[in-house]
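**Q** What would the 3D arrangement of this be:
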Amino acid sequence: MGERGNITLDYGSDKAVTFYTHWYGDTTPTVLKGALMRSRDRWDDEGYLARIIFCDLVGVEDFKSTNGYGIYPGSEGLDANYMSIVVDMPQCEVRIGNRKWSFEEYVEDDITGDLVRL
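**A** Residues are numbered from 1 along each chain as shown. Have a look, this model is predicted:
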């Protein structure tokens with residue numbers, strides 16, 4: 001049950017962190033798009049960009065909740081109803097399945113149809 005989804009931040013050299021949502025996996029493409037649009041001046045600041053993406057995923061209404069969201073080391077074995085979104089932090093790229101965009105292309109593209117339900 002749920003609409004599970006993941007956004008994985010890939011830092012290269014086998015270093016990654018994954019943000020998980022239990023109820024809003026169907027919104028992860030648009031959440032990421034909004035976070036990237038809002039944080040253009042932080043695209044080169046991996047720490048701030050990671051925080052902005054996670055805060056936008058959780059939202060103000062769930063910020064103090066004790067369930068529904070998680071942060072996991074790595075990117076393996078995660079539960080999801082949708083294909084994971086991978087944010088390549090060093091390359092400033094987004095990948096969903098076999099599709100790839102630069103951050104700039106991602107915020108300009110209509111990406112909602114590109115997320116495939118598993």
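
**Q** Bridge partners for Asn6, pull those for me.
**A** Using DSSP bridges, the bridge partners assigned to Asn6 are Tyr20.

**Q** Point out where the chain drops to low pLDDT.
**A** 77, 111-118 (pLDDT under 70).

**Q** residues near the residue nearest to Gly97 when sequence neighbours are not counted, how many?
**A** The shortest distance from Gly97 to any non-neighbouring residue, by Cβ to Cβ, 6 or more residues apart in numbering, is to Met83 (5.2 Å). C-beta: built from backbone N, CA, C; applies to glycine. If you count neighbours by other Cβ atoms under 10 Å, Met83 ends up with 21.

**Q** Equivalent analysis for Pro73, please.
**A** Neighbours of Pro73 under the rule other Cβ under 10 Å: 9.

**Q** That one and Asn98: what is the separation?
**A** Distance of Pro73 to Asn98, given as Cβ to Cβ, to the nearest Å: 25 Å.

**Q** so who does Asn67 touch?
**A** Asn67 makes contact with His22 under the criterion Cβ atoms under 8 Å, 6 or more residues apart in numbering.

**Q** again, only using 10 Å
**A** Counting by Cβ atoms under 10 Å, 6 or more residues apart in numbering, Asn67 touches 22-23.

**Q** quick one: which helix or strand includes it?
**A** Assigned by DSSP states H and E, Asn67 belongs to no helix or strand.

**Q** show me where the chain has helices.
**A** Applying DSSP state H to the chain gives helices spanning 28-38, 46-58, 103-108.
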